[in-house]
Structure formats: structure tokens, C-alpha cells
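Visitor: next comes the sequence, and after it the predicted model I'd like to discuss.
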Amino acid sequence: MNKENNNLVSGNNILCDQWLNILDEVSIGAFTVNAQRQVSSMNFNAQALVGLKDTEAIGRDCREVFVGVPCLAKCPFKTAVDPSTEEPIIEIRDETESTHFVTRMATKVFGSNQEIVGCMTILQDHSPIADLIDRIHYEERSLKIILDNLDVGIFTIDRGSHYTFFNTEAEQISGYSRREILGKDCTALFGGEDAQELSLLKDTIADGRSRSSRQAKMITRDGGIIPIRANYMALRNEKGIVVGGMTTFHDLTLVHQLKQAMRNHYTFYDMIGRSPTMKKIFEMVNVVAGTDATILIEGATGTGKDLLAKVIHSASRRSDKPFVKVNCAAIPDNLLESEMFGYVKGAFTGAEKDRTGRFQEADGGTIFLDEISELPLALQAKLLRVLEDKEFYRLGSRHTLKVNVRIISASNRNLEKLVEKRLLREDLYYRLNVFRIELPELKNRTVDLPILIGHILRRLCAARGIRPPEVSEKVMEILLNYHYPGNVRELENILEHALIICQEETLHPKHLPEYIQLRHAARKPSAPRILKPENIDDDGERDRIISMLQRYNWSRTKTANALGMDRTTLWRKIKKYGIES
């Protein structure tokens with residue numbers, strides 16, 4: 001077997017064996033055959049699929065090794081009498097007699113003089129990929145086509161930590177286009193030089209050993225954080241010298257959601273925001289979560305008070321203990337005391353046995369008192385005692401029970417004003433208001449809208465097992481200019497409605513709820529106004545934006561592309577500089 005046949009594929013200065021290892025990383029089987037029809041290499045996934053070890057196959061005629069597996073119609077070694085089939089999906093039984101439906105693709109392999117030196121076959125179990133490979137050339141371009149069509153995110157970097165390849169799935173997960181990312185420093189996806197994910201990749205390049213991370217995170221183009229599982233491996237040239245690194249990664253948004261549902265465990269992946277107000281809240285939560293301080297969360301309906309309470313509990317020392325929620329507005333007044341504190345047998349007619357209350361259930365953990373403003377005055381004194389002494393009487397009992405609970409309360413009404421109206425005890429208010437967090441309304445954090453829209457779409461689509469659609473410029477404009485009286489909850493409802501209606505790859509205004517469309521249609525269109533705000537030092541940026549807008553007839557998409565920025569970034573700058581009202 002000559003040297004040319006031993007090195008069947010050479011692209012981007014990476015040996016054939018390395019490419020087989022790469023395909024192993026993404027769970028794809030592959031084997032190569034030389035010009036004499038002898039199997040020359042075979043990765044682990046291919047061995048598992050066909051039920052053969054490489055020692056049993058390498059060096060043997062492919063027609064003898066793969067008995068029962070029909071040859072490919074485009075096999076470069078076929079003669080006129082060879083059987084042929086165009087069927088891309090075949091049935092294979094492995095060594096345990098298990099059946100696998102495998103997508104099978106083959107291509108000629110060319111040497112440096114463009115002569116046929118062999119054949120490569122790719123096998124992917126249970127995941128047909130249409131037209132993955134037409135052929136593999138000696139050139140770098142065709143080798144990248146293979147990675148560009150896989151349903152796993154892949155990027156490569158050189159030793160200088162600059163992106164050299166970024167496949168379609170990586171674009172889909174991160175929100176970046178390869179045009180924006182290639183040639184840039186690799187810190188873009190990981191939030192800085194100190195990121196653990198970046199350290200793993202650099203260490204892999206330094207020593208050549210593969211690594212993996214099951215709890216990695218990635219920063220998307222709009223600033224969102226998504227959980228990923230990542231594998232890192234070094235890339236070598238023909239002389240075996242490490243010339244860069246490759247990362248393969250999967251979006252774990254759906255897995256993260258399932259873990260939430262199973263464990264009721266929430267993290268900052270679930271709270272999105274980069275506005276100054278939200279950043280301040282995250283800083284406060286990071287500090288207070290590790291203490292046992294009583295917390296009061298205030299904010300309008302739909303701002304995320306419930307979620308913030310869960311995040312605080314999950315980040316606290318009590319995270320492995322119960323998190324118990326009591327909606328004070330949802331329980332009738334005559335049942336609220338027994339629901340919260342429990343009762344003993346015989347406490348009232350029908351009390352045939354002792355019952356544990358919510359406070360007792362939360363012992364060791366956190367109790368979340370939602371809509372605390374609706375708590376009847378008669379119960380406020382009992383709650384005050386729990387706050388002060390961590391003990392209470394069960395209904396009908398003469399003995400107190402002590403509990404170790406952290407209390408988080410929430411209200412969509414201003415408790416201070418309720419105190420003035422004598423609807424809330426003043427002493428209870430000061431006990432609840434040890435550490436107060438006020439969640440802003442969505443209309444007051446419009447800078448977070450693009451990142452929230454992307455995050456919610458990704459989460460909803462992950463649950464449905466579909467790709468998030470593109471958001472058209474018109475839809476983004478409508479969503480950015482709506483005031484959301486129902487806050488984040490309303491935004492979620494709007495996007496869920498749009499996803500149900502949309503059967504296309506792009507969200508258009510017709511997919512939005514009718515009341516949103518009607519409200520937008522009722523707005524009186526006005527010509528763009530160019531107002532010069534006072535005291536803005538823009539270093540000429542404002543004039544450049546105006547010039548580009550006028551050149552492209554006020555098309556934000558074309559203007560944003562010409563300026564090399566995202567259209568939502570352009571929208572914010574238009575508002576900032578008073579270019580359009």
C-alpha cells in the first residue's frame with residue numbers, strides 16, 4: 001500500500017485519520033478504501049455500526065468485509081456488471097443483532113494529482129442528512145462542506161485564537177454569522193479571556209489532549225447565555241504538529257428545561273437582562289442569595305417575581321431543601337390559616353387527622369409568599385410571630401412548632417401605601433422589608449427586548465424540537481415599540497402565538513396576535529425626523545448613520561449591513577441620537 005493510499009484525504013493540512021476522529025466526536029461512522037479496494041481506515045462509530053473491529057477489516061477487500069451491505073451506486077471501482085442501488089438509507093444489523101437504519105454516503109477521494117486514490121464512506125445512524133457530501137476533493141473547501149452540514153455546532157481556531165471555521169449549526173445556535181466571526185478573537189462566544197470554556201480549548205491546543213465539558217455556556221450575539229455541552233480537540237498538520245483547535249457543541253436548552261421541571265432548580269440562565277437596572281438586580285441577588293435574610297420582591301404583574309424567588313432559593317445554601325409557594329390571593333380567607341400553619345385532629349368538624357401546613361413543609365428551605373398584600377389582617381399577626389420567633393401554633397393546638405425557614409414575599413402592589421391605608425400592619429411590613437428588590441416593567445427596560453425575544457424563542461422552540469425562526473425587521477420593529485402592559489409574561493404569550501401560527505422560516509407581522517397587529521396599524525405613520533440631542537459626543541457616528549439611512553432610503557436592514565452592525569443595535573442608536581421619533 002503506497003503512501004498516497006495511506007493518506008487518502010488531505011484538506012486544511014489535516015490527515016485522514018484526524019478527520020475520522022472528528023466524525024467520531026459527532027457520532028458519525030466513517031471508513032476509507034484505497035485504490036485496491038482494501039479498507040485502509042475505520043473509526044469507532046463505523047466499527048460499532050457494522051459490528052467489526054478495525055483489526056478485522058483493515059487490509060481486507062471491502063467486498064468481503066461488508067457482506068450484506070449493498071455497494072454504493074457511485075462507487076468509483078464499479079464495473080458494468082456490479083450491482084447498484086441509489087437507496088441512501090440501508091438497514092444494518094450489529095453484533096448484537098440490533099437493527100440500525102443508517103444514512104450512507106460515499107465519495108471519491110483524489111490525490112494531489114487529481115487521480116482517484118480511494119473512496120470514503122460516511123454512515124450516520126438514525127439521522128439522514130440529505131446531500132451531505134457530493135464528493136470530497138483534495139482541496140480544503142470540500143472538507144469544510146462535510147462539517148458545515150452536520151447537526152452539531154463546530155468551529156475551529158488557529159494557534160493565535162482566531163476563528164478559522166464556523167459551521168451553519170454554530171451560526172444557528174450562537175446567532176452570529178460566519179461573516180461576523182471569522183478572523184475574530186475566540187473570546188466573542190465565551191465572554192472573556194477568563195472563561196472556563198476558553199481555557200479548556202487553549203489547554204487542548206497546548207498539550208494536544210482532547211477535553212470535554214458537560215456544563216459549559218455560550219454568549220449569543222444578542223448577549224444571552226445558553227447552556228451547551230462541548231468537546232475540544234487539537235488539530236494537527238501532516239507532520240503531526242498542532243496547528244489549532246476545534247470545538248464541537250450542542251445546545252442544551254431543552255435539557256436545561258427538563259432539569260428545571262424535574263428538580264425545580266433555576267439559575268441565571270433563566271433570568272435575562274443586560275439593562276443597568278437588571279444588572280444591578282443580579283448583583284444584589286448574588287450577594288443576598290447566600291444569606292438567610294428575608295426578602296421582599298415588588299413589581300407589576302408578569303415581571304418575573306416568581307422566577308426571581310426560585311433563582312434566589314436555587315443559589316442559596318438551602319437549594320437542596322424544599323421551596324414551597326403559597327399564593328395568598330388564591331386561597332379563601334377561611335382556609336388560609338389551616339393551609340399555612342396546618343391543624344390537629346379535632347380542630348374543627350371534619351378534621352379527622354393532623355395535617356401539615358406549608359410552613360412545616362418548608363422546614364429547612366424557603367417559603368415564598370406570593371401576593372402578600374392579600375393576606376388578611378387576622379393572619380398578619382401570626383405571620384409576624386413566625387418572622388420574629390420562627391414558631392407558630394397549628395390550628396387547634398396548644399403547643400408551638402419551631403421551623404427553620406427563609407421567607408421571600410412578593411407583591412404587585414406598593415406595600416408602603418397599604419401600610420398608610422392600614423391594610424397592612426406596619427410592624428409586619430418592616431419585618432418583610434429587610435431586603436427589597438423591585439423588578440422593573442418591561443417598558444422601562446427596552447434595551448433587554450432583543451435578548452429576551454431571542455431567549456424566549458429559543459426556549460419555546462427547544463420544547464417543540466424545532467429551529468427558532470428568523471424575526472423579520474417589521475416584526476422586530478413592532479415588538480420593540482409595544483409597551484407590554486402584561487410585561488414579560490405577555491411577551492411570552494405573543495411569541496408563543498406567533499410560533500403556533502407561523503409555518504415558515506421567518507416571523508412576519510401576520511403571525512402576531514390580532515390585537516398587536518391592530519394596535520400597530522392604528523399608529524399614525526410619520527416622516528422621519530432628525531433631531532439633534534444636546535450634549536451627545538458621538539464622534540461623527542450620528543452623521544454616518546443619517547448618511548447611510550438616506551442612501552438606502554431609510555431601510556434599517558440595508559443600513560445596518562452597510563454599517564456592519566445588527567439592526568437592533570441600529571434601532572437603539574437611532575433612538576439615542578434622536579434621528580427618528
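Guide: Structure received. Numbers count the residues shown, from 1 in each chain.

Visitor: burial count for residue 192?
Guide: 9 (other C-beta atoms under 10 Å). Bear in mind the C-beta positions are built from the backbone N, C-alpha and C, glycine included.

Visitor: need the phi and psi values for it.
Guide: phi 130, psi 170 (degrees, to the nearest 10).

Visitor: contacting residues for it?
Guide: By C-beta atoms under 8 Å, 6 or more residues apart in numbering, the residues touching residue 192 are residue 198.

Visitor: low-confidence ranges, this structure, go.
Guide: 1-19, 25-27, 66-103, 110, 112-114, 125-146, 254-270, 523-539, 568, 580-581 (pLDDT under 70).

Visitor: where does the residue sitting nearest the centre point of it sit: helix, strand or coil?
Guide: With distances taken as C-alpha atoms, centre = their mean, the residue of the chain nearest its centroid is residue 226 (3.4 Å). Following DSSP: H, G, I helix; E, B strand; the rest coil, residue 226 is assigned to strand.

Visitor: the spatially closest residue to residue 171 that is not a sequence neighbour: neighbour count?
Guide: Closest residue to residue 171 apart from its sequence neighbours, by C-beta to C-beta, 6 or more residues apart in numbering: residue 177 at 5.7 Å. The number of residues packed near residue 177 is 11, by other C-beta under 10 Å.

Visitor: look up how far residue 167 lies from residue 177.
Guide: 12 Å (C-beta to C-beta, to the nearest Å).

Visitor: do residue 325 as well
Guide: 43 Å.

Visitor: ok, those two, which is more surrounded?
Guide: residue 167 (22 against 17).

Visitor: for the residue nearest to residue 171, phi and psi?
Guide: phi -90, psi 150.

Visitor: tell me the helix or strand right after whichever strand or helix holds residue 449.
Guide: According to DSSP states H and E, residue 449 maps onto helix 449-464. Using DSSP H and E, the helix or strand that follows helix 449-464 in sequence is strand 470-471.

Visitor: before we move on, what SS does the closest residue in space to residue 323 that isn't next to it in sequence have?
Guide: The shortest distance from residue 323 to any residue other than its chain neighbours is 4.7 Å, reached at residue 313 (C-beta to C-beta, 6+ apart). Three-state call for residue 313 (three-state DSSP): helix.

Visitor: you'd agree residue 313 is up against residue 366?
Guide: Yes - at 4.4 Å, residue 313 counts as touching residue 366 under the criterion of C-beta atoms under 8 Å.

Visitor: who touches both of the two?
Guide: Common neighbours of residue 313 and residue 366 (C-beta under 8 Å, 6+ apart) are 323, 406, 408.

Visitor: out of those, flag the one nearest to residue 329.
Guide: residue 408 (16.1 Å; C-beta to C-beta).

Visitor: and the closest one, backbone torsions?
Guide: Torsion angles, degrees, to the nearest 10, at residue 408: phi -120, psi 130.

Visitor: my guess is it contacts residue 368. True?
Guide: Yes - at 4.9 Å, residue 408 counts as touching residue 368 under the criterion of C-beta under 8 Å.

Visitor: by contact count, what packs against the helix holding residue 449?
Guide: helix 253-263, helix 473-480, helix 487-501 (3 or more C-beta pairs under 8 Å, 6 or more residues apart in numbering; DSSP states H and E).

Visitor: tell me which of those helices sits nearest to residue 202.
Guide: Checked against C-beta to C-beta, the stretch from the helices and strands packed on helix 449-464 lying closest is helix 253-263, at 25.9 Å.

Visitor: now do the next helix or strand after the closest one: which elements does it pack against?
Guide: Moving toward the C-terminus from helix 253-263, the next helix or strand (DSSP H and E) is helix 276-288. Other helices and strands packing on helix 276-288, by 3+ C-beta pairs under 8 Å, 6+ apart, are helix 305-314, strand 435-438.

Visitor: output these in TSV; the columns should cover distance to residue 106 and mean neighbour count.
Guide: TSV is the format used below for the helices and strands packed on helix 276-288 (distance: least, C-beta to C-beta, whole Å; neighbours: other C-beta atoms under 10 Å):
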stretch	distance to residue 106	mean neighbour count
helix 305-314	50	22
strand 435-438	61	16
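
Visitor: could you export the ones you listed as TSV, including distance to residue 474?
Guide: Below are these laid out as TSV (distance: least, C-beta to C-beta, whole Å):
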stretch	distance to residue 474
helix 305-314	30
strand 435-438	34
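
Visitor: residue 277: which of these is closest?
Guide: Across the helices and strands packed on helix 276-288, closest to residue 277 is strand 435-438 (C-beta to C-beta), at 8.9 Å.

Visitor: so which residues of the stretch 51-200 of the chain form helices?
Guide: Taking DSSP state H, counting those that start in this stretch, the helices of the stretch 51-200 of the chain run over residues 54-57, 62-65, 140-148, 168-174, 178-181, 196-207.

Visitor: distance to residue 121 and mean neighbour count for those - can I get that in TSV?
Guide: As requested, these are exported to TSV (distance: least, C-beta to C-beta, whole Å; neighbours: other C-beta under 10 Å):
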stretch	distance to residue 121	mean neighbour count
helix 54-57	12	15
helix 62-65	9	17
helix 140-148	12	18
helix 168-174	23	20
helix 178-181	28	16
helix 196-207	29	17
